[in-house]
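**Q** pasting the sequence and the predicted model now:
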Amino acid sequence: MQPYFFPYVGYFQLIANTDQFIFFDIVQYNKKSWMNRNRVLHANKPDDFQYISVPVIKHNKGSLIKDININNDGKWQNKILSQLIVYKKLKAPFYSKIHQVVEEILSKQYNTLLDLSIGSTRTICDYLGIKLNYEIASKINFDLSNIS
């Protein structure tokens, strides 16, 4: 599967039902995709949503996921955490615990989008009690000679 930024629940169901999960990082990165952003409820309009996103460094069109670097110049992690406060206002039952998990993920320094995706997936799998046995596609010696 392509690496995603805080993926949907089905992603974790797939992980839970595989012997080995492959982070498929050898495909083209798509701007404005779930690879570096996600949606959460809007803080001021609970019937609407807003995006949380990881800023990436400018790259060539056609760059592979594995080659996308995070722009760590700003405090994007703090912005995301502040955007999640809406769930506290709405008294989400597991807000405190999930906020801790997200905070744990975002407190680490990641240089690439792939590193963040793998790190966050590992942390969430640990929280959910799912064993994550994984490989990274770019590190596997696939024979791609028949693909045009």
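**A** Received the coordinates, thanks. Treat the numbers as computed from the prediction; the structure is a model and nothing was measured.
**Q** hmm, residue 117 and residue 3 touching each other?
**A** Yes: counting by Cβ atoms under 8 Å, residue 3 touches residue 117, with 3.3 Å between them. Backbone N, C-alpha and C define where each C-beta goes, glycine included.
**Q** can you list residues touching both of these two?
**A** Taking Cβ atoms under 8 Å, 6 or more residues apart in numbering as the criterion, residue 3 and residue 117 both touch 23, 35.
**Q** what's the burial count for residue 97?
**A** 10 (other Cβ atoms under 10 Å).
**Q** now do the phi/psi pair for it.
**A** For residue 97, the backbone dihedrals (degrees, to the nearest 10) come out as phi -70, psi -40.
**Q** please shift the residue numbers so they start at 784 in all later answers.
**A** That works, and once the first residue is 784, the last one we named lands at residue 880.
**Q** who does the lowest-mean-pLDDT helix or strand in the chain touch, helix- and strand-wise?
**A** Of all helical and strand segments in the chain, the minimum by mean pLDDT, DSSP states H and E falls on helix 869-872, at a mean of 82. Here helix 869-872 touches strand 820-824, helix 878-889, going by 3 or more Cβ pairs under 8 Å, 6 or more residues apart in numbering; DSSP states H and E.
**Q** check the ones you listed for me: which has the lowest mean pLDDT.
**A** When those are ranked by mean pLDDT, strand 820-824 comes last with a mean of 90.
**Q** in its sheet, what does that strand sit against?
**A** Strand 820-824 has the following strand partners under DSSP bridges: strand 832-836 (antiparallel).
**Q** quick one: residues in contact with the strand it pairs with.
**A** Around strand 832-836, the neighbours that count as contacts under Cβ under 8 Å, 6+ apart are 788-789, 819-826, 859, 862-863, 866-867.
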